[in-house]
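**Q** predicted model, plus sequence, below.
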Amino acid sequence: MKLAFLLWAALVGIGVWMQGPPRSLAVAVQEPKAGNHSSDKRVRKKPPDCTIPFFMGVDHYQKKDLNAAIIDFSCAAACNPSFVEAKIALGDAFVAKGDDRRALEAYHAALKLRPYEEDALRPAAELCLRLESNAQAIPLLETLVRLHPADTKTKTYLGIAYAATGQFQKAGQKLTEVHRIAPNDPAALVALGALGLKTGRARSAIPLLLGAVRIVPDQYKPHFLLGSAYNCVGEFPDAVKELEIAAKLEPHNAEVQYQLAQAYEHLGFSVQRQEAIRRFKALKEQSKENSDLRARGPSLLHEAESLAKDGKYMEAIEFARKALSLDPGDDRVISLIANLYYDADQLDLARRYAQEAVTKAPSEWSYHYLLGLIEEATGQMGPAHESFEIAVRLNPRCAKCYDRLGELAIRTHDSRRTVEKFERAVELDRANSGYKVHLHTAYGAADQKP
């Protein structure tokens, strides 16, 4: 994380951030006046200082406590939706955790507020390329190139993104420009070589790829592309040499085996050709099986949800667990299983899966809310309160979170806090009659009336 910049930016704007969210989000509450039921005095709460969770997040990030940092940065962003630095810091924390999807969402949220913010533009563009979302990467990279016309690395990325989306002329222009400025840039050499192969200019690609192989001999792609180019021009001994190196560097790549089989065939190496074909077929079959398995995930989840609607929770869990086995890191499926176990009154298992969901995706308020429900159902009021408080910090407009906090306050005989929480729940969801009943009951218990 670019901590120095983020801290400086937050401190520069501290006068703004300390004002908290816009006045429209400030909470108007009734301040009870003991023994005076006719009083209807309303006061406006002091807006929260949204820098507090931000700096807590910085501290947690420096200590490598990423989950706590993610919660803090998420809370800061929820507290003040215009807090760009909090969104960028959140993206950086997600990257460090390995959650590329949520990192990209955080950077995009920052860019909506500040479209030319380089500390969001650059990582967002790189994430788009990593996730093969090349069309999304292009406008980000184009903006960066306009900001830094001499940045060859960004121009190379832009050329690669153009090529991946079929804009070969634009790709050639950008990559050639980089090659003129930095003739030994391996990324540009590889990208230009790949572009030559795509556009039927294999012979012109060979010297570029030879240059890349000399500079980065331990990388798979230059050898693979060079071997493929040799195949295209009929230089099969050289093709075999490069493709065999590529196969050692990337043994599970089916396309390398396919190219090798072609080269072996032209050289009359029938035994080697048959082995390459065998490996190619095995790798393609494995890839197809993996794709078919992943494709089953949505149907398994749909079946689980249908069974849950009919109250068949244990059967639903079986389908959800099968879906989870296809992608063990999917926090959404983990949360679904936790919900199903909660509905089935299997609270120990529900807690286990809810805690796992919270660990994998600490910024999701609904996971904390579910964990709070589970803790409350098992009589663990302290952990329940903590989970509901985190949920409401992550989602300040969560009416049901405030309602549960009100219910917990009743247990501690804190009438003022009970009224405060129920009032907030009603304010956020005036159509909910249950919240109104809770509030009126709380007024009665506190010897107040609305």
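**A** Noted; the coordinates are in hand. As the structure is a computational prediction, the values presented were derived from the model and not from experiment.
**Q** residues of the helix ranked longest in the chain that come out buried?
**A** Secondary structure of the chain per DSSP state H: the longest helix is helix 270-309. Across helix 270-309, burial judged by 16 or more other C-beta atoms under 10 Å covers 272-273, 276-277, 279-280, 283, 297, 300-301, 303-304, 307-308. Yep, even glycine has a C-beta here, placed from its N, CA and C like the rest.
**Q** just the residues you listed now: which is nearest residue 265?
**A** Of all the buried residues of helix 270-309, residue 265 sits closest to residue 273, with 5.0 Å by C-beta to C-beta.
**Q** reformat the buried residues of helix 270-309 as a markdown table; add pLDDT.
**A** Converted to a markdown table, the buried residues of helix 270-309 look like this (pLDDT from 0 to 100):
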| residue | pLDDT |
| --- | --- |
| 272 | 96 |
| 273 | 96 |
| 276 | 96 |
| 277 | 96 |
| 279 | 96 |
| 280 | 96 |
| 283 | 95 |
| 297 | 90 |
| 300 | 94 |
| 301 | 94 |
| 303 | 94 |
| 304 | 95 |
| 307 | 96 |
| 308 | 95 |
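**Q** and of these, the nearest to residue 91?
**A** Nearest to residue 91 out of the buried residues of helix 270-309 is residue 297 (C-beta to C-beta; 26.6 Å).
**Q** just to check, that closest one is in contact with residue 321?
**A** No. In this structure residue 297 lies outside contact range of residue 321 using C-beta atoms under 8 Å: 12.0 Å.
**Q** any idea which helix or strand carries the closest residue to residue 158 other than its chain neighbours?
**A** Sequence neighbours aside, residue 141 is the residue nearest to residue 158 in space, at 4.1 Å (criterion: C-beta to C-beta, 6 or more residues apart in numbering). Assigned by DSSP states H and E, residue 141 falls within helix 134-147.
**Q** how about residue 104, secondary structure?
**A** helix (DSSP: H, G, I helix; E, B strand; the rest coil).
**Q** kindly report the same for the one 4 residues further on.
**A** What three-state DSSP gives for residue 108 is helix.
**Q** mind listing what the nearest residue to it once chain neighbours are set aside touches?
**A** Nearest non-adjacent residue to residue 108, counting by C-beta to C-beta, 6+ apart: residue 124, 6.4 Å away. For residue 124, the contacting residues are 91, 104, 107-108, 111, 140, by C-beta atoms under 8 Å, 6 or more residues apart in numbering.
**Q** element containing residue 124?
**A** Using DSSP H and E, residue 124 falls in helix 118-130.
**Q** same check, this time on residue 189
**A** helix 186-198.
**Q** ok, residue 342 next?
**A** Counting by DSSP H and E, the element that carries residue 342 is helix 331-343.
**Q** list the contacts of residue 367.
**A** By C-beta under 8 Å, 6+ apart, the residues touching residue 367 are 331, 335, 338, 354, 357-358, 361.
**Q** one more time with 10 Å, if that's ok
**A** Counting by C-beta atoms under 10 Å, 6 or more residues apart in numbering, residue 367 touches 331-332, 334-335, 338-339, 353-361, 387, 390-391, 394.
**Q** just residue 127 next, same as before
**A** Contact analysis of residue 127 by C-beta under 10 Å, 6+ apart lists 91, 94-95, 100-101, 103-105, 107-108, 133, 136-137, 140.
**Q** how many residues are close by the closest residue to residue 103 other than its chain neighbours?
**A** Residue nearest to residue 103 in three dimensions, not counting chain neighbours: residue 94, with 3.5 Å by C-beta to C-beta, 6+ apart. Number of residues near residue 94 (other C-beta atoms under 10 Å) recorded here: 27.
**Q** residue 94 should be in a helix, yeah?
**A** Yes. Under three-state DSSP, residue 94 sits within a helix.
**Q** hang on, it packs against residue 109?
**A** No. Here residue 94 does not reach residue 109: they are 11.6 Å apart, not a contact under C-beta atoms under 10 Å.
**Q** circling back to that earlier point, could I have the PyMOL command that selects the buried members from the contacts of residue 367?
**A** Restricted to buried positions by 16+ other C-beta under 10 Å, the PyMOL selection for the contacts of residue 367 reads:
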select buried, resi 331+334+335+338+339+353+354+355+356+357+358+360+361+387+390+391+394
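**Q** follow-up on the earlier one: for the residue nearest to residue 103, give its distance to residue 151.
**A** 25 Å (C-beta to C-beta, to the nearest Å).
**Q** just residue 98 next, same as before
**A** 27 Å.
**Q** more neighbours: the two, which one.
**A** Ranked by neighbour count (other C-beta under 10 Å), residue 98 and residue 151 place residue 151 first, with 16 against 9.
**Q** return the residues in contact with the more buried one.
**A** Counted by C-beta under 10 Å, 6+ apart, residue 151 has contacts 122, 141, 144-145, 157-158, 178.
**Q** if you rank those residues by neighbours, which is first?
**A** In terms of neighbour count, residue 141 stands highest of these at 29 neighbours, by other C-beta under 10 Å.
**Q** name the residues that touch stretch 287-305?
**A** Against stretch 287-305 from outside (C-beta under 10 Å, 6+ apart): 252, 254, 312-313, 315-327, 330, 332-333, 336-337, 340.
**Q** could you find the closest non-adjacent residue to residue 89?
**A** residue 73 (4.8 Å).
**Q** pretty sure that neighbour is touching residue 56, no?
**A** Yes. In this structure residue 73 lies within contact range of residue 56 using C-beta under 10 Å: 9.0 Å.
**Q** higher neighbour count, the two?
**A** Counted by other C-beta under 10 Å, residue 73 and residue 56 do not tie: residue 73 has more neighbours, with 32 against 17.
**Q** if I look at the more buried one, how far off is residue 51?
**A** Taking C-beta to C-beta, one finds residue 73 at 12 Å from residue 51.
**Q** burial count for residue 268?
**A** When neighbours are defined as other C-beta under 10 Å, residue 268 has 9 of them.
**Q** could you shift the numbering so residue one becomes 48, and keep it that way?
**A** All set: I'll call the first residue 48, so the last point we hit is now residue 315.
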